[in-house]
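Colleague: 3D model of this:
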Amino acid sequence: MPRYQYRDLEPSREAKEVFTRWINYLDDEFTKHKKPALRAELVRDNLHQLLLGSPHGGKLNFTLTSELPFNVLELSLDPANVTLEPEYYGDIDATRYACLKPLIWFWHMFDHSPVALNHWLGFRFRAMLGKHIFKSIGKNVKIFHGVEFSYGYNLTIEDDCVIHKYVMLDDRGEIVIRKGTSISDYAAVYSHAHDPIDSSVVENRKTEIGPRARLTYHASVMAGVRVGEDAMLGAMGLATREIADHSIAGGVPAKELKTKDQATQFKDRTDVPAPDRMARPECE
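Modeller: Numbers count the residues shown, from 1 in each chain. This is a model prediction of the structure:
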């Protein structure tokens, strides 16, 4: 079968300059300012322009009921006025999370903005925020829109990883995503488990993926499970126990289907007919 590598794409020179300046400015500001209040103001001001197209400022009119919806929207752009799901968890490090909350709110609101599907910008914006939110983030990490995580401070993503859209990374315990790993759309990785009798009893566990592992569409990895080096979890698979290095697993619960060596031997057979290929029209 043919091999297709990711293409290297760029916006126009003017757009690239503006996008890069904005990201570098935010990076510098978040590096200089660690206090939650200062970060919240910075996020509020940037979201105001990003979503409403105007600088933040002026007094809101709370007397007119006709303006209440706009007041709700504008007030909700300030991280100080919102609550996020992880804040309700009893095992949260509230002091640590307070410094990250404005950036996490920025992440969510950016992903619901009109520019979230601009992947060149989105990859770089999320990688910049990840540097300030995550326990660690490596080089050349691509994170698509809609990716969610719990605390952020228990999440490690190493070099050359790709996290596709709408992935859930539940780092209440700890998640380590090793170098070169790919996680496909709608997959979920967990690091905490509830007692089956009393759901308020929670056990946090370390979950480790890779290096160079692949979690495919809608796959799930339960808390404390290791997906081994160069291993693959098939679509809709549910990993409840370790997936060995260089293996392909699938099913609910996931079981080893074959090894990578076995899959390579099958691919190299000459008696297997090639699939039909339909011609595609060229663009006019």
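Colleague: model confidence over the longest helix along the chain, on average?
Modeller: Counting residues, the longest helix in the chain under DSSP state H turns out to be helix 13-32. Throughout helix 13-32, pLDDT has a mean value of 97.
Colleague: Please put the alpha-carbon coordinates of the helix or strand that that helix is followed by into CSV.
Modeller: The first helix or strand that comes after helix 13-32 along the chain, using DSSP states H and E, is helix 36-52. The C-alpha trace of helix 36-52 is given here as CSV (Å, rounded to 0.1, in the frame of the first residue of the first chain):
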residue,chain,number,x,y,z
PRO,A,36,-4.6,33.8,38.8
ALA,A,37,-6.1,37.2,38.8
LEU,A,38,-3.6,38.7,36.3
ARG,A,39,-3.9,35.6,34.0
ALA,A,40,-7.7,35.9,34.2
GLU,A,41,-7.6,39.5,33.1
LEU,A,42,-5.4,38.7,30.2
VAL,A,43,-7.6,35.8,29.1
ARG,A,44,-10.8,37.9,29.5
ASP,A,45,-9.3,40.7,27.3
ASN,A,46,-8.2,38.4,24.6
LEU,A,47,-11.4,36.5,24.5
HIS,A,48,-13.4,39.7,24.3
GLN,A,49,-11.6,40.7,21.1
LEU,A,50,-11.5,37.1,19.7
LEU,A,51,-15.2,36.4,20.2
LEU,A,52,-16.9,39.9,20.3
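Colleague: Check which helices and strands the very next helix or strand once past helix 36-52 is in contact with.
Modeller: Where DSSP H and E defines the elements, the next helix or strand beyond helix 36-52 is helix 68-76. Helices and strands touching helix 68-76, by 3 or more CB pairs under 8 Å, 6 or more residues apart in numbering; DSSP states H and E, are helix 36-52. Placement of C-beta: from N, CA and C, glycine included.
Colleague: Next, the buried residues of the helix it packs on.
Modeller: 36, 39-44, 46-48, 50-51 (16 or more other CB atoms under 10 Å).
Colleague: Could you list the low-pLDDT ranges of the stretch 1-150 of the chain?
Modeller: Judged by pLDDT under 70, the stretch 1-150 of the chain has its weakly predicted residues at 1.
Colleague: Closest one to Ile137 out of the buried residues of helix 36-52, please.
Modeller: Arg39 (18.0 Å; CB to CB).
Colleague: in what helix or strand does the residue lying closest to that closest one once chain neighbours are set aside lie?
Modeller: The shortest distance from Arg39 to any non-neighbouring residue, by CB to CB, 6 or more residues apart in numbering, is to Pro102 (4.0 Å). Element membership for Pro102 (DSSP H and E) is helix 94-111.
Colleague: can you list contacts of that helix?
Modeller: Contact with helix 94-111 is made by 30, 34-36, 39-40, 42-43, 46-47, 50-51, 77, 79, 82, 84, 86-87, 116, 122, 125-126, 129, 132-133, 145-148, 151-153, as judged by CB atoms under 8 Å, 6 or more residues apart in numbering.
Colleague: wait, is Lys179 part of a helix?
Modeller: No - assigned with DSSP: H, G, I helix; E, B strand; the rest coil, Lys179 falls outside any helix and is coil.
Colleague: can you pull the contacts of it?
Modeller: So Lys179 contacts 138, 158-161, 210-212 (CB under 8 Å, 6+ apart).
Colleague: separation between it and Cys161?
Modeller: Lys179 is 7 Å from Cys161, where distance means CB to CB, to the nearest Å.
Colleague: re the thing from before, for the residue nearest to Arg39, give its distance to Leu26.
Modeller: 11 Å.
Colleague: Same check on Ala244?
Modeller: Distance from Ala244 to Leu26, by CB to CB: 42 Å.
Colleague: so what sits against both of Pro102 and Leu26?
Modeller: With CB under 8 Å, 6+ apart, Pro102 and Leu26 have common neighbours Leu42.
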